[in-house]
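Visitor: need the 3D shape of this:
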Amino acid sequence: MPETPTPSDAIAKHGARILRTRWLMRAPIRLYRARLGFLFGSRTLMLEHIGRKTGATRHVVLEVIDHPTPDTYVVASGFGDRAQWFRNIQAHPHVRVTVGTHGPAPATARVLPQDEADEALRNYITRHPRAWERFKSILENTLGTPITERNTPLPMIALHLVR
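Guide: Prediction:
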């Protein structure tokens, strides 16, 4: 007998579908370009990166997972290592970051090793337990695997501002 989907399964499925809706996910970029990034507060940033094949400038708005120092922001790749922006920053780690009304500022992107990624995720869960409770299943749906606090499969990237 097939399992009956729960409301949280439906939310995860629809949330993942929204994350895959290109025009909707790109809408915040227009707001950042119009210097309205402050509307998102300090929980998001716009990352400007270079396409690894085209060399063209690309943009993506991401949630800030951690902000361990004034010059460092940590973001996660909700689509894992398949995300185009993630692949681009691995090829070209010199990026620009816009946060709120600040930026764009030059930065260097670095994929965090497992222990640092686990720590960043734990910090996020501690600071934002309700957001994590809602968003975890959506991320698991996009990644196609459970997200654990230890040995997390969620790639984390540190963006270190160059001042």
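Visitor: so when I look at E140, I'm seeing a strand, right?
Guide: No - secondary structure of E140, determined by DSSP: H, G, I helix; E, B strand; the rest coil: helix, with no strand assignment.
Visitor: how close does it get to T148?
Guide: In this structure, E140 and T148 are separated by 10 Å, where distance is defined by Cβ to Cβ, to the nearest Å. (C-beta placed from N, C-alpha, C; glycine too.)
Visitor: quick one, helices of this structure?
Guide: For the chain, the helices identified by DSSP state H occupy 7-19, 22-33, 84-91, 114-127, 129-143, in order along the chain.
Visitor: circling back: who has more neighbours out of E140 and T148?
Guide: For E140 and T148, the more surrounded residue by other Cβ atoms under 10 Å is E140, and the numbers stand at 17 against 11.
Visitor: tell me the pLDDT at the more buried one?
Guide: Per-residue confidence at E140 stands at 88 (pLDDT).
Visitor: wait, it touches P146, no?
Guide: Yes - in this structure, E140 sits in contact with P146. The criterion is Cβ atoms under 8 Å, and the distance is 5.6 Å.
Visitor: tell me the spacing between the residue lying closest to A109 once chain neighbours are set aside and P70.
Guide: On the basis of Cβ to Cβ, 6 or more residues apart in numbering, the spatially nearest residue to A109 that is not a chain neighbour turns out to be I89, at 4.1 Å. Shown here: I89 relative to P70, a distance of 21 Å by Cβ to Cβ.
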